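[1] fold the following for me, if possible:
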Amino acid sequence: MLAQQAVDSGDTAWVLVCTGLVLFMTPGLAAFYGGMVRTRNVLAMLQQNMIALGVVSLTWVLVGYTIAFGDDAGSGLLGNFELFGLTNLGVPPAPHLHVVAGQVTVPTLAFVAYQMMFAVITPALVTGATAGRLKFLGWVVFLAVWSIVVYAPIAHWLWHPDGWLARFGTQDWAGGMVVHASAGAAVLAVLLVVGRRRGWPHTAAPPNSIPLTILGAGILWFGWFGFNGGDGLQANGVAAQAVINTHLAAAAGMLVWLVAERAKDGHSTVVGGVSGAVAGLATITPAAGYVNTLSAIAIGAIAGIVCHTALRLKYLLRLDDALDVLAVHFVGGMLGSLLVGFFGNAGTNPLGKDGLFFGGGGSLLWHQIVGVVVVVAFSFVLSWAIAAAVQATLGLRAPVDTQDDLDHAQQGADAYHLGGVAALNGTGAPERRRRTGGDRSAPRPAGPNPTGQPARLVTATVDPARLPTTRELREALLGAGATSIVVFDATVSTAEPAARALPRGYWQDQDLLDRARVEVVAPQGAVSAVLVVLDGYGADRSDSFVQDVQPATDVR
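    Model (predicted):
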C-alpha cells in the first residue's frame, strides 16, 4: 500500500467532484426518460430510476465493490470477498488499482464512491426500454441481483488490473462495455421476458413533457464530464483531454443526428438533437481518455449517423424498446468500444495503445471485438435468467390492465394536476388572501334572462388554436348577447385522422382531436349573433346545437 501522505489533494478533489457529477446523472436520466412517457406513467418512471440510488448503493458497499475491485481470486473473473462491507480497506488504494491510472493518489473511499455511481446508473438505463411494463417490487429485486451478479464481475474483468480482459488487452475508458454494452444486453433480455405494450407497434403515446426531457438531457451532458473526466483518477492533462473529447463528441453527434433527421423526416427536432448528443456521449465513453480531439469529433459524428439508423433495430428484432435504449446506448457503447481499435492513440495517453489508424495494426481492434462479444453474451444470458426468475416468483411485468396508469396502480398519485377541478385548492389553508388584480370593470354576464325572451343554450366545438385571449372571446360573446359562458376541453372524433409527429421520427394517426367545447346561454334573439362569433373560431354548424333551456331561477 502507498503511504497516507501520498494522497494528492487535487486528484482527490477532482474525483470527489466527478462523483457528484455522476450521481447527478441518475436524476437526469429519470427526467430524460420521464418526459417521454405518457402522463399517467411519469411517477413510476421517475421512481424506477431513483430507486437505483438506494438499492445499488447498498449492494455495492456490501458485496459489489469487493467483487469488482477486491484482490483477484486467481482466475481474473472475480475479486475475493475480503472487502465485504468495506472492511479492511486501506487508504489510499494500491498503485494501478484502476487500470487507466499510472499512479493512484486518492483515498480508497473516494474511489469506492466514484465507482458506486457507475454501478447505480448502469441498470437504470434499462428502464427506458421497458417503460410502462415494470412491476416495482420485481424491478427492485432485479436491480439488486443484477448489480452483483452481472455488473460487478464485468467491472472486474475490464477495470481491475488483474481482470482477464484487462490482461488480454481490451480497453474501456469509462464504460462503453462495462456500462452501455452490458446494460444494452440486459435490455434485450428483459424485453424478451416482459414483452410488448398493448397495441405495439401500431399504438404510440406522445411524450408528456418534452421540456422535462431536454432538462434531463442537459443534466446528463453536464454529468458526463465527471463520467468520463474522472476515470484517470487524476486532475491532469488526460482528464482535460477526456472532458473536451466528451463535449465535442456530443456536439458532433447532435449535429449529424439533426441532419439525418431532416433528410429522413423533413424536420430537425429538439428531441432529435439531444438524442444525437446522448448517442455521441455514449459512443465516446470507452474512448474518451484514449483518443485525440479530432478523433473524438469523428467518433461523435459516426455515432450520430449510426445510432440514428439503429432506430429501426427494434422493429427488425420485434422488440418494444419504448425509448430507444438499444439504438442510443447499446449500439453507441458497442460502436465506441470498437472504434477504440481504430482511433486509439498512445500519444494521447501513455497507458493507451495505437489503433489501426495510428499504425498499431489490428491487435487492439481484435481485443476490443473479443471484449464486446464476451460482455454482451455474459450480460444477456445472466440478465435473462435473473429476469425470468423474478417474473416466475415475484413478477417483473406489470399487469396489462395497469400499464396505462402505473402512477395510480403503484403509487396512488398523479404527476400532474392540470384539470380545472383537480387543480383546485382544498380547505385548510393557513391564510385566506384577498383576490387582487384583474379588470373589475370588465363586462359581466347579465344574468340568466335579462331580456325576458326565452333562453337558448348554444353548444359548439371550436379549434383551440384559433381561440383568442379569454378576454377577447368573452367580450365577443357578451357583445353578441350571451348571458352565460362555459368553455372546457373536449376530444372529438374526426372523419380524417390527423398525422401527429412524435420524437425520433415516429408518428401516429390521431383519430380523436383536441378541441374546446363552448356552451353559451343567450336570449332567443341573440342566438344568430352568438353563432356568428363561434363560426369565426372554427365552429362547424353541423356539430353545433341550439336547445331550449329553463334557468334554475325560473323553476317554481
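[2] every contact and neighbour count from this point should use C-alpha atoms.
    Fine.
[3] flag the shaky bits of the protein, pLDDT-wise.
    Low-confidence segments of the chain (pLDDT under 70): 1-5, 90-102, 204, 418-452, 467-469, 495, 498-501, 505-509, 551-556.
[4] hey, where'd the strands end up in it?
    With DSSP state E, the ranges of strands along the chain come out as 455-462, 484-501, 507-523, 545-548.
[5] buried ones in stretch 238-245?
    Residues of stretch 238-245 classed as buried: 238-245 (neighbour count, 16 or more other C-alpha atoms under 10 Å).
[6] looking at those residues, which is nearest Thr203?
    Nearest to Thr203, judged by C-alpha to C-alpha, of the buried residues of stretch 238-245 is Asn245 at 39.0 Å.
[7] okay if I get the buried residues of stretch 238-245 as CSV plus distance to Gln48?
    Shown next, in CSV, are the buried residues of stretch 238-245 (distance: C-alpha to C-alpha, whole Å):
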residue, distance to Gln48
Val238, 35
Ala239, 32
Ala240, 33
Gln241, 34
Ala242, 30
Val243, 29
Ile244, 32
Asn245, 31
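[8] out of those residues, name the ones that lie in helices.
    238-245 (DSSP state H).
[9] from these, which is closest to Gly28?
    Lowest distance from Gly28 to these (C-alpha to C-alpha) belongs to Val243, with 18.7 Å.
[10] okay but that closest one is in contact with Gly229, surely?
    Yes. The pair Val243 and Gly229 passes the contact test of C-alpha atoms under 8 Å, sitting 5.1 Å apart.
[11] count of neighbours near Val190?
    By other C-alpha atoms under 10 Å, 27 other residues sit near Val190.
[12] okay, it and Trp200: tell me how far apart.
    Taken as C-alpha to C-alpha, to the nearest Å, the spacing of Val190 relative to Trp200 amounts to 17 Å.
[13] Gly352 now?
    Gly352 is 45 Å from Trp200, by C-alpha to C-alpha.
[14] please apply the same query to Ala287.
    36 Å.
[15] these two: who's more crowded?
    The neighbour comparison of Ala287 against Trp200 (other C-alpha under 10 Å) goes to Ala287, with 34 against 12.
[16] thinking again about what came up before, out of the strands of the chain, which is closest to Asp404?
    Smallest distance to Asp404 across these (C-alpha to C-alpha): 17.4 Å, for strand 507-523.
[17] so how far is the closest one off the chain centroid?
    The chain centre lies 32 Å from the centre of strand 507-523; the measure is C-alpha atoms, centre = their mean, to the nearest Å.
[18] also stretch 79-86?
    Here stretch 79-86 is found 33 Å from its chain centre; the criterion is C-alpha atoms, centre = their mean.
[19] do the same with stretch 113-121
    Stretch 113-121 has its C-alpha centroid displaced from the chain centroid by 18 Å (C-alpha atoms, centre = their mean).
[20] what comes up buried for that stretch?
    In stretch 113-121, counting by 16+ other C-alpha under 10 Å, buried: 113-121.
[21] wait, which of the residues you listed is closest to Val549?
    Comparing these against Val549 with C-alpha to C-alpha places Ile121 closest, at 61.1 Å.
[22] I figured Val7 hits Thr105, correct?
    Yes. Using C-alpha under 8 Å, Val7 makes contact with Thr105 at a distance of 4.6 Å.
[23] and these two? Which one has more around it.
    Taking other C-alpha under 10 Å, Val7 and Thr105 do not tie; Thr105 has more neighbours (27 against 18).
[24] okay, that one and Asn41: tell me how far apart.
    Distance from Thr105 to Asn41, by C-alpha to C-alpha: 45 Å.
[25] what do you get for Asp514?
    21 Å.
[26] swap in Ser493?
    Distance, Ser493 to Asn41, using C-alpha to C-alpha: 25 Å.
[27] and if you look at Met50?
    Separation of Met50 from Asn41 (C-alpha to C-alpha) stands at 15 Å.
[28] comparing these two, which residue is more hemmed in?
    Neighbours were counted for Met50 and for Asn41 using other C-alpha under 10 Å; Asn41 has more, 27 against 19.
[29] that one and Asp405 touch, don't they?
    Yes. The criterion here is C-alpha under 8 Å, and Asn41 meets it with Asp405 at 5.8 Å.
[30] can you give me the helices in the stretch 201-350 of the chain?
    Listed in chain order, the helices of the stretch 201-350 of the chain (DSSP state H, counting those that start in this stretch) span 210-229, 237-265, 270-284, 293-309, 313-317, 325, 331-343.
[31] now for the second one, which elements pack on it?
    Packed against helix 237-265 by the contact rule (3 or more C-alpha pairs under 8 Å, 6 or more residues apart in numbering; DSSP states H and E) you find helix 210-229, helix 270-284, helix 293-309.
[32] likewise the fifth one?
    Counting contacts by 3+ C-alpha pairs under 8 Å, 6+ apart, there are no secondary-structure elements packed against helix 313-317.
[33] what's it in contact with?
    320-321, 324, 326-327 (C-alpha atoms under 8 Å, 6 or more residues apart in numbering).
[34] how many neighbouring residues does Gly412 have?
    The local packing of Gly412 (other C-alpha under 10 Å) involves 10 other residues.
[35] contacting residues around it?
    With C-alpha under 8 Å, 6+ apart, Gly412 has no contacts at all.
[36] work out the gap between stretch 236-250 and the centre of the chain.
    How far stretch 236-250 lies from its chain's middle: 23 Å, per C-alpha atoms, centre = their mean.
[37] quick check: the gap between the nearest residue to Pro207 once chain neighbours are set aside and Val190.
    The spatially closest residue to Pro207, leaving aside those adjacent along the chain, is Met36, at 4.1 Å (C-alpha to C-alpha, 6 or more residues apart in numbering). When distance is defined by C-alpha to C-alpha, Met36 is 20 Å away from Val190.
[38] now Val140
    Going from Val140 to Val190 by C-alpha to C-alpha gives 14 Å.
[39] for Asp489, name its beta-bridge partners.
    Ala516 (DSSP bridges).
[40] tally up the residues packed near it, please.
    13.
[41] list the contacts for it?
    Taking C-alpha under 8 Å, 6+ apart, we find Asp489 in contact with 514-517.
[42] please repeat the previous calculation with a cut-off of 7 Å.
    By C-alpha atoms under 7 Å, 6 or more residues apart in numbering, the residues touching Asp489 are 515-517.
[43] likewise Gly280?
    Taking C-alpha under 7 Å, 6+ apart, we find Gly280 in contact with 249-250, 253, 300, 303-304.
[44] for those, which one is nearest Leu21?
    Within the contacts of Gly280, the smallest distance to Leu21 is 16.8 Å, found for Ala250 (C-alpha to C-alpha).
[45] next one: the closest one relative to His202, how far apart?
    32 Å.
[46] ok, the two, which is more surrounded?
    Taking other C-alpha under 10 Å, Ala250 and His202 do not tie; Ala250 has more neighbours (32 against 8).
[47] so the more buried one sits against Gly300, correct?
    Yes. Counting by C-alpha atoms under 7 Å, Ala250 touches Gly300, with 6.0 Å between them.
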